[in-house]
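Student: please find the sequence and the predicted model below.
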Amino acid sequence: MVRQAAETPPFEENAAISTSTLTKLAPTKVELEISIAPEEIEAARERAFRKLVKKAKLPGFRPGKVPRGIFEQAYGSETIASQAMDDVVPEAYARAVLEHGLEPVDRPALELLPVEPDRPARVKAVVDVRPEIDLGQYKGLALQSEPHIVEDGDVERSLQTLARERATLVPVDRAAAIGDVVTMDYEGTIDGVAFEGGAANGQMTELREDRFVPGFVAGIVGMQAGEHRDVEATFPAGYPQAELAGKAAIFSVRVHEIKEFELPVIDDEFAKAVSGNQTLDALKADVRTRLEAIAQSRSRRELADQAIGQLLESHDFPLPEILVLREIESMLGDLRSRASRAAVPFEEYLASIGKSEDDLRAEYRPDAERNVKSMLLLEKIAKTERIEATPAEIAAELQALAEQYGQPVERVRAALGNSLPSLRDGIVRNKTVEYLLENASAEEATTGTAS
Amino acid sequence: MEARDIIISPRITEKAMANALGHQYSFVVHPSATKTQIRHAVEEIFKVNVLKVNTVNVGGKKRTFARRGQRTLGHQADFKKAVVTLKPGQKIELGGINYFEQ
């Protein structure tokens, strides 16, 4: 009895047999026609079969021992063919991309052209590619820096803000004024009919013009504690509750108590209370350092904007449409998430600004194009200058994120998952900007540094 | 019995396929078929010359099924297997497909 020998045909790598031709459809769009040699397809089929046969369960055979002929009888040869194509097409595509030195910015649209047996299979791939960028001058950019100097007044203002946060409410015996906090009951009616949400008892409210229906706050100003008054107010036309919009209402208001904010005295005691500092001077120094750090990062950002602005001016190249569209969508997405955070349905927000989504898309386009262009430019410079993110830098960034969210580093890494490359790209972009600034000559508009 | 009643089906298993290289082809045959009947049947259907027929009655395996807490005993069908040795150089194909040599 002769046992059948392992019937693997000698494995052939037919990489060279497959060819591809490149057609430029647009400055940033190319079409590749890749032809894959029959030998290569057969090799891929064999590989696909070896993979699939491990799962095949047929009576009379142990899993993985089914001969190919029997397998094809049972499962159809298309199973193998499609698996083979899934396998060989991306590979051939990757080779073609390398061969033509393309830099795709998107996944290709692949199209299998009809296959004739024993003829090379042909695949059409249309893909957006990075434009060719002729880098002009990007070193030694002349930048005008405008130093942000922290002055005593700025420190004072921060302290005031701190004081306001710690203000206490003190009852006063005088007429209500803007800025006071009043406790009141009110009941609103429109044409003598009470409406939903129009009444409250014992509500404490800071009197500010922008609160409530226009006219309401103004009507309360000047009232004494215990006084009763009817206040007229008109709902604005764009009021969220449509049945109230544009209607004039009369609020019957009774003020119970008027309080005003009393600011704490800014002294050593205050310093101790708001921070770990022992003296007011220490607190001031602290605030100053913080403000200076902000000022510095602001100047740096302005310089970076300038540098990138100059580069955008001096470079011109076509942008891959797909990147621009994606950028627009991500800007819209940002807006959407901002709206949902503000608990405003996105549609209502759109209605309130009187624009459609497409209007916004059109509006965002110039900015999106700018973003894409600067991104492509920075990446090109990074590539030319071999600026890369080191593992240590990535680890540091992850660490920073972990601290920001109060999560273990591993959790953050897991949560990022597939977006780790974009984290890396972000680091590279930052480093590139850093590089641009280092190699630029910054001239200060006025003397005196921010630090 | 007609030839096609005697030969029930080819037996396509790893072992049968390995044997096919040595001109031995396996079939499931009628339980009461004799070696002579099998020889004539194979020669008639596949137009080959049979040198030798070996037969064996294969007992089906016992199978246990768990059903609602109690076990049920089952039994796979018994069958007769015939291993037919052909004249060297001859082979058997079914519907244009050679089940045995792959």
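Tutor: Good, I have the coordinates.
Student: now stretch A:189-209: buried residues?
Tutor: For stretch A:189-209, burial by neighbour count (16 or more other Cβ atoms under 10 Å in any protein chain shown) applies to A:195, A:198, A:205, A:207. All C-beta atoms are positioned from the backbone trio N, CA, C, and that covers glycine.
Student: I should have written stretch B:2-22 there, sorry.
Tutor: Neighbour count says stretch B:2-22 has B:6, B:7, B:8, B:10, B:11, B:12, B:13, B:16, B:17, B:19, B:20 buried, by 16+ other Cβ under 10 Å.
Student: identify all contacting residues around the longest helix out of those in chain B.
Tutor: In chain B, assigned by DSSP state H, the helix with the most residues is helix B:35-46. The contact list for helix B:35-46, computed with Cβ atoms under 8 Å, 6 or more residues apart in numbering or on different chains, reads B:1, B:3-4, B:6-7, B:25, B:27, B:29, B:33, B:48-50, B:53-55, B:82, B:84, B:92-93.
Student: quick revisit: ok, the buried residues of stretch A:189-209 vs residue A:156, which is closest?
Tutor: Checking these against residue A:156 with Cβ to Cβ, the nearest one is residue A:207 at 26.1 Å.
Student: for the residue minimising distance to the centre of chain B, grab phi and psi.
Tutor: Most central in chain B under Cα atoms, centre = their mean is residue B:27, positioned 1.6 Å from the mean C-alpha point. Dihedral pair for residue B:27: phi -140, psi 150, per degrees, to the nearest 10.
Student: next up, the contacts around it.
Tutor: B:7, B:8, B:9, B:10, B:11, B:38, B:42, B:81, B:82, B:84.
Student: how close does it sit to residue B:46?
Tutor: According to Cβ to Cβ, to the nearest Å, residue B:27 stands 10 Å off from residue B:46.
Student: again, but for residue B:10
Tutor: As judged by Cβ to Cβ, residue B:10 and residue B:46 stand 10 Å apart.
Student: which residues do these two both contact?
Tutor: With Cβ under 8 Å, 6+ apart as the test, residue B:10 and residue B:46 both reach residue B:92.
Student: if we can go back for a sec, okay if I get the contacts of residue B:27 as JSON lines plus secondary structure and pLDDT?
Tutor: Below are the contacts of residue B:27 laid out as JSON lines (DSSP: H, G, I helix; E, B strand; the rest coil; pLDDT from 0 to 100):
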{"residue": "B:7", "secondary structure": "strand", "pLDDT": "89"}
{"residue": "B:8", "secondary structure": "strand", "pLDDT": "89"}
{"residue": "B:9", "secondary structure": "strand", "pLDDT": "87"}
{"residue": "B:10", "secondary structure": "strand", "pLDDT": "87"}
{"residue": "B:11", "secondary structure": "coil", "pLDDT": "86"}
{"residue": "B:38", "secondary structure": "helix", "pLDDT": "92"}
{"residue": "B:42", "secondary structure": "helix", "pLDDT": "90"}
{"residue": "B:81", "secondary structure": "strand", "pLDDT": "92"}
{"residue": "B:82", "secondary structure": "strand", "pLDDT": "92"}
{"residue": "B:84", "secondary structure": "strand", "pLDDT": "91"}
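Student: what ranges of the chain fall below the confidence cut-off?
Tutor: You didn't pick a chain, so chain A it is. Regions of chain A meeting the criterion pLDDT under 70 cover residues A:1-18, A:210-212, A:240, A:242, A:444-451.
Student: hmm, I had chain B in mind actually
Tutor: Within chain B, the ranges that satisfy pLDDT under 70 run B:94-102.
Student: residue boundaries of the helices in chain B?
Tutor: B:3-6, B:14-20, B:35-46.
Student: who wins for proximity to residue A:41 among these?
Tutor: Residue A:41 lies closest, by Cβ to Cβ, to one member of the helices of chain B: helix B:14-20, at 26.2 Å.
Student: is that closest one in proximity to chain A?
Tutor: Yes. Judged by Cβ under 8 Å from any Cβ of the partner chain, helix B:14-20 comes into contact with chain A at B:14, B:16, B:17, B:18, B:19.
Student: can you tell me the residue of the stretch 301-450 of chain A closest to chain B?
Tutor: Per Cβ to the nearest Cβ, the residue of the stretch 301-450 of chain A with the smallest distance to chain B is residue A:414, at 41.1 Å.
Student: how much space separates that residue from residue A:402?
Tutor: Taking Cβ to Cβ, one finds residue A:414 at 11 Å from residue A:402.
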